[in-house]
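**Q** below is the structure, and that's it, no one-letter string:
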């Protein structure tokens, strides 16, 4: 029986540009790098308050990376969506959608390199 989610893998063509986005724009921490037995270059990242990791994989032998629209996304909690959006835009990554009110907070989206979508969620503030 499954105990918990450990990581999610996204395959990319430009490993360093993607890692830079996750570290410099989203603020994720690089946990480790390794090469798999078949030659995939792997980089594991995690958010500061999360146990789950994201595995970014470069394996050119698999062919081009094609990310279909509305296929998949990662979702991250942020403290202040407007402040995040301002800082991300200054780094060349403006929001691709939103922000939108959810009734209990706000959501928005930003596109990572190679077309992967990232959802940003700001929960409502407690009084």
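**A** Everything's here; your move. Note that this is a predicted model, so its numbers are computed, not measured. Numbers count the residues shown, from 1 in each chain.
**Q** all contacts plus neighbour counts: C-alpha atoms, from now on.
**A** Noted.
**Q** residues in contact with residue 2?
**A** Residues near residue 2 by CA atoms under 8 Å, 6 or more residues apart in numbering: none.
**Q** how near is it to residue 109?
**A** 30 Å (CA to CA, to the nearest Å).
**Q** cool, and residue 71?
**A** Distance of residue 71 to residue 109, computed by CA to CA: 14 Å.
**Q** which strands and helices sit next to the longest helix along the chain?
**A** Criterion DSSP state H: the longest helix present in the chain is helix 81-90. Helices and strands touching helix 81-90, by 3 or more CA pairs under 8 Å, 6 or more residues apart in numbering; DSSP states H and E, are strand 95-101, strand 105-111, strand 117-123.
**Q** so which of those is nearest residue 38?
**A** Counting by CA to CA, residue 38 lies closest to strand 117-123 out of those; the figure is 27.6 Å.
**Q** ok, residues contacting that closest one?
**A** Strand 117-123 has contacts (CA under 8 Å, 6+ apart) with 72-81, 104-112.
**Q** at 6 Å what do you get?
**A** For strand 117-123, contacts defined as CA atoms under 6 Å, 6 or more residues apart in numbering pick out 73-79, 81, 105-111.
**Q** most widely separated two among these?
**A** Across the contacts of strand 117-123, no pair lies farther apart than 105 and 111, at 20.6 Å, counting by CA to CA.
**Q** which one's more surrounded, these two?
**A** The neighbour count for residue 105 versus residue 111, taken as other CA atoms under 10 Å, is higher for residue 111 (17 against 14).
**Q** measure that one to residue 117 for me?
**A** Residue 111 sits 5 Å away from residue 117, going by CA to CA.
**Q** go on, residue 22?
**A** Taking CA to CA as the measure, residue 22 and residue 117 are separated by 12 Å.
**Q** next one: residue 33
**A** Computed as CA to CA, the residue 33 to residue 117 distance reads 23 Å.
**Q** those two: who's more crowded?
**A** The residue with more neighbours, out of residue 33 and residue 117, is residue 117; 20 against 13, by other CA under 10 Å.
**Q** state the pLDDT value of that one.
**A** pLDDT, residue 117: 94.
**Q** got it, and residue 127?
**A** For residue 127, pLDDT reads 43.
**Q** many thanks, we can stop here.
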